[in-house]
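>>> Provide a 3D model corresponding to the input given below.
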Amino acid sequence: MLAALALAGAGCSTPGSGIQAGEHVTVYVSMPLRGSGAVEGRDVVRGAKLALADAHGKVGQLGVRAVYLDDTAGRGARARWSQAVAAANARRASEDSTAIAYVGDFDSGATRASLPITNQARMLQVSPASAAIDLVQPFLGAGDQLAEDVQPTGERTFGRVIPSDQVQAEAAAAWAKRLGARSVAALSDGSLFGDTMVTAFRQAEGGLPRTEPRRADLLYYGGTAAEVPASVKRDASPCSRQTLIASDAMFGAPLFRSIPAGVFNCPLIPAGEAPPRGVLVTSAAQDPAQLPAAGQKFVRAFGGRYGRDPGRYAAYGYEAMAVVLDSIRRAGDGGDARDSVVNAFFDTRDRNSVLGTYSIDDVGNTTLNALAGYRITGGRPVFANPLRVP
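Here you go, the predicted structure:
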């Protein structure tokens, strides 16, 4: 059920004036609930609902309710996240005087639409899945510089509980070393995402000999399966003599999109062929099987409530809501004030969570360095290895 979860409470007092009996705040959650991203989006929502239920819908005397919104447009299977809808969701939250935080969006493109609005409202926004570097920094290696096109106030209000694209590329480089690759090459699809992933991979691959794509023992592809330039197809070998490592963007959204049995839709492999050396995929989200003890407790609770195992992003939805609630708690008497909650979030240190122990750094990134590696087996991704960035 995706209707708003309402808890006790009639309106707020003056924000930050001290929590009054019966007062409540609202957390908005914006996720894709239809189309190709619906499975992951609904898992995030279900995880967030479990976190709120575990808190009994309260932080101290302050009631907390949640409103769950769909950020997609279109009909049926063609529905997908929409910049216009994501922006409308953010405006709805920003204009609600009880709104204290915004969990979303899933796709980095949707977050680029919602974040400028929540930032101008000085509202905390926490994403369980948006990993793009330009949400927190203008470019790779920009240090503590602020990406002012998405955070136009010049003050940070956004953070995430999932490792960034840079960390995922670094995990791929670490995996390549563990595999004993003798020579590597990296190819981008020419997009900003692809170029960023390749740059981050190359910065982290130190010690591995580089060569041209056709001669490489291991090929890293930084791009998506949606649009592969002819130059990439021309410069790469058919992958049949190589190990191929790609990011989870290779499969579009979601990673576990159905793939015909026995056929991997790799744009660098002729149709119908399977590379004997292997196709590997990194995932910024951990596999549920590798979560720590607190995460395994969550997995059991999720299964008990919803009658099925959680997908990769369910625990990230739980933690996004949980860290919002914890930020409200740590804000004390300012738990109903947006600025106080933002400040408390950026003070998150050594937090024990269902994902593991992490802090939030100065730009809003999680310090969590646990990721997942998958192997394509029988045309489908199968969890192969936990990955960790040194």
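>>> What's the first helix or strand after the helix or strand where L371 lies?
Here L371 is covered by strand 370-377, with elements defined by DSSP states H and E. Counting by DSSP H and E, the next helix or strand C-terminal to strand 370-377 is strand 380-388.
>>> circling back: and the strand holding L371 with strand 380-388, angle?
Strand 370-377 runs at 150 degrees relative to strand 380-388, counting by axes from the mean of the first three to the mean of the last three C-alpha atoms, to 10 degrees.
>>> tally of neighbours for N343?
Using other C-beta atoms under 10 Å as the criterion, N343 is surrounded by 15 other residues. Where C-beta positions appear, they are placed from N, C-alpha and C, glycine not excepted.
>>> Quick check: it is in a helix.
Yes. Membership of N343 in a helix is supported by DSSP: H, G, I helix; E, B strand; the rest coil.
>>> Could you check which helix or strand contains the residue nearest to E148 when sequence neighbours are not counted?
Closest residue to E148 in three dimensions, ignoring its sequence neighbours and counting by C-beta to C-beta, 6 or more residues apart in numbering: G154, at 6.3 Å. Counting by DSSP H and E, there is no helix or strand that carries G154.
>>> do you know how far G154 is from T118?
15 Å (C-beta to C-beta, to the nearest Å).
>>> Can you pick out the residue with more neighbours from these two?
Neighbour tally, G154 and T118, criterion other C-beta under 10 Å: the higher count belongs to T118, 27 against 8.
>>> My understanding was that E170 contacts R202; is that so?
No. Here E170 does not reach R202: they are 10.5 Å apart, not a contact under C-beta atoms under 8 Å.
>>> Which one's more surrounded, those two?
Between E170 and R202, counting by other C-beta under 10 Å, E170 is the more crowded of the two (23 against 18).
>>> Quick check, pLDDT for that one.
Note on E170: pLDDT of 97.
>>> Backbone torsions only: list them for the residue nearest to E148.
Backbone torsions for G154, taken as degrees, to the nearest 10, come to phi 80, psi 0.
>>> and it, how far is that from A337?
Distance of G154 to A337, given as C-beta to C-beta: 20 Å.
>>> cool, A294 as well?
In this structure, A294 and A337 are 29 Å apart, going by C-beta to C-beta.
>>> Among the two, which residue is more densely surrounded?
Higher neighbour count among A294 and A337: A337, with 20 against 16, using other C-beta under 10 Å.
>>> Check that one and give its pLDDT.
97.
>>> I328 against N343, yeah?
No. I328 is not in contact with N343 according to C-beta under 8 Å; the separation is 11.7 Å.
>>> Now for these two: what residues contact both?
Residues touching both I328 and N343 by C-beta atoms under 8 Å, 6 or more residues apart in numbering: none at all.
>>> sec struct for T282, please.
Per three-state DSSP, T282 ends up strand.
>>> Let me see the ranges of the helices in the stretch 201-350 of the chain.
Remark: helices assigned in the stretch 201-350 of the chain by DSSP state H, counting those that start in this stretch are 230-235, 293-306, 314-330, 338-346.
>>> Rebuild those as TSV, extending it with distance to A79.
What follows is the helices of the stretch 201-350 of the chain, written out as TSV (distance: least, C-beta to C-beta, whole Å):
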stretch	distance to A79
helix 230-235	29
helix 293-306	22
helix 314-330	19
helix 338-346	31
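>>> Go through those helices and name the closest to S130.
Between S130 and the helices of the stretch 201-350 of the chain, the tightest spacing by C-beta to C-beta is seen for helix 314-330, at 10.5 Å.
>>> Can you get me a residue count around the spatially closest residue to G335 that is not a sequence neighbour?
Of all residues not flanking G335 in the chain, I328 sits nearest, at 4.4 Å (C-beta to C-beta, 6+ apart). Applying other C-beta under 10 Å, we find 29 residues neighbouring I328.
>>> Check what pLDDT I328 gets.
The model's pLDDT for I328 equals 98.
>>> Could you number the chain from 734 rather than 1 from now on?
Got it, the first residue is 734 from now on, which makes the last one we talked about I1061.
>>> How about residues contacting the strand holding L1104?
Against strand 1103-1110 from outside (C-beta under 8 Å, 6+ apart): 896, 900-901, 904, 908, 988, 992, 997, 1011-1020, 1023, 1045, 1088-1089, 1114-1122.
>>> Out of these, which end up buried?
With burial judged by 16 or more other C-beta atoms under 10 Å, the buried subset of those is 896, 900-901, 904, 908, 988, 997, 1011-1020, 1023, 1045, 1088-1089, 1114, 1116-1118, 1120, 1122.
>>> the bottom helix or strand of the protein by mean pLDDT?
One helix or strand of the chain scores below all others by mean pLDDT, DSSP states H and E: helix 963-968, with a mean of 53.
>>> Tell me the buried residues in stretch 798-816?
Judged by neighbour count using 16+ other C-beta under 10 Å, the buried positions of stretch 798-816 are 798-806, 812-816.
>>> Identify, from these, the entry nearest to D1083.
Nearest member of the buried residues of stretch 798-816 to D1083, counting by C-beta to C-beta, is A799, at 26.4 Å.
>>> Which element, helix or strand, includes L848?
According to DSSP H and E, L848 maps onto helix 841-853.
>>> Next SSE downstream of that helix?
Remark: after helix 841-853, the chain's next helix or strand is strand 857-860, criterion DSSP H and E.
>>> so A826, which of the three states?
helix.
>>> Just to check, it is in contact with A832?
Yes. Here A826 lies in contact with A832, judged by C-beta under 8 Å, at a distance of 4.7 Å.
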